[in-house]
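Enquirer: sequence and predicted model, in that order:
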Amino acid sequence: MNQTLREKKDIVLTLVRRRLKEAKCPAFDELLQGSYAMGMGTQPVGKIEFDIDVGLRFWFRDTDYSATEVRKWIFDAVNGHTDSVEEKGPCTRVGYSKGYHVDLVAYAHWSEKSGSEEYRLAHRSNGWRPANPPELLEFVEKARKPFAGTEDSKTKTDQLRRIVRYLKRWYDVAISYESDAKPSGLEFVLLSIESVQPTRTWNGQSDDRSALETLAIAGANRVGRIVVVHRRQVAVETA
């Protein structure tokens with residue numbers, strides 16, 4: 001399925017590039033993100049779809065074009081490509097009848113004179129929102145370092161990745177259909193990073209059950225939003 005998604009992703013991006021060029025719109029760079037880039041995806045169950053998130057990084061300031069305008073470029077480029085193209089909050093979704101979809105997320109990206117790189121995500125209703133997908137991936141990779149040595153022999157994944165996958169699979173079984181009310185995969189990743197430390201049994205083996213129990217207790221008792229503040233003090237929030 002990962003191979004199928006990569007193929008569909010490449011087809012969609014080729015289409016968007018061609019149609020943006022025909023419309024004399026700015027070009028973009030591809031930016032992989034989400035659970036696919038983090039290696040924390042799960043195989044869906046029930047009516048839940050496979051998906052892949054792809055960032056479209058446009059090299060201009062958020063003051064050059066409105067978020068609505070940029071999103072319209074993308075929607076017009078993919079509209080009619082499949083029978084299901086819809087606007088979601090942070091993305092434009094290209095759906096396929098076989099049960100998977102490609103989410104296209106647009107970013108404005110530029111460099112300040114100070115050397116800092118700025119990102120803004122084009123949201124359907126909130127305009128340009130602060131974001132930094134490369135730094136978010138870096139944050140997740142850094143959080144995984146303490147879990148080195150907890151990899152299992154079968155999947156070669158560390159304990160943090162496994163805990164995230166357990167949590168996502170549990171929720172997919174509990175609500176086995178697509179719903180905007182369900183937490184996103186990123187929310188589960190951030191909750192796990194915040195709540196779990198490497199956990200082992202008395203003989204040094206990874207103790208996933210105890211780690212998952214710690215996470216469940218932390219999640220049940222948590223109040224408020226999960227907020228990650230990156231180096232330039234711009235908050236990345238999840239519901």
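Expert: All right, it came through fine.

Enquirer: pLDDT at residue 3, what is it?
Expert: We have a pLDDT of 80 for residue 3.

Enquirer: with adjacent residues omitted, what lies nearest to residue 38?
Expert: Of all residues not flanking residue 38 in the chain, residue 140 sits nearest, at 5.4 Å (C-beta to C-beta, 6 or more residues apart in numbering). All C-beta spots, glycine's among them, are computed from the backbone N, C-alpha and C.

Enquirer: one more: residue 134?
Expert: In space, residue 134 is closest to residue 31, 7.5 Å off (C-beta to C-beta, 6+ apart).

Enquirer: the host helix or strand of that neighbour pairs with which strands, parallel or anti?
Expert: Per DSSP states H and E, residue 31 falls inside strand 28-32. Strand 28-32 pairs in its sheet with strand 50-58 (antiparallel), by DSSP bridges.

Enquirer: centre of the chain to the partner strand, how far?
Expert: 8 Å (C-alpha atoms, centre = their mean, to the nearest Å).

Enquirer: residues in contact with that strand?
Expert: 1, 4-6, 8-9, 12-13, 16, 26-37, 43-44, 70, 74, 91, 99-109, 119, 133 (C-beta atoms under 8 Å, 6 or more residues apart in numbering).

Enquirer: burial measure for the residue nearest to residue 134, as a count.
Expert: Look at residue 31: counted by other C-beta atoms under 10 Å, it has 18 neighbours.

Enquirer: need the per-residue pLDDT for it.
Expert: Residue 31 is assigned 89 on the pLDDT scale.

Enquirer: biggest strand in the protein by residues?
Expert: strand 100-111 (DSSP state E).

Enquirer: whatever helix or strand comes next after that one pairs with which strands?
Expert: Once the chain leaves strand 100-111, the next helix or strand it forms, by DSSP H and E, is strand 117-123. Strand 117-123 sits in its sheet next to strand 100-111 (antiparallel), strand 127-131 (antiparallel), going by DSSP bridges.

Enquirer: pull the shortest one out as PDB, backbone CA atoms only.
Expert: If I follow you right, that is strand 127-131. The C-alpha coordinates for strand 127-131 follow below in PDB (Å, rounded to 0.1, in the frame of the first residue of the first chain):
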ATOM      1  CA  GLY A 127      -5.700  31.900   6.700                       C
ATOM      2  CA  TRP A 128      -1.900  31.700   7.100                       C
ATOM      3  CA  ARG A 129      -1.000  29.800  10.300                       C
ATOM      4  CA  PRO A 130       2.500  29.600  11.800                       C
ATOM      5  CA  ALA A 131       4.100  26.200  11.200                       C
END
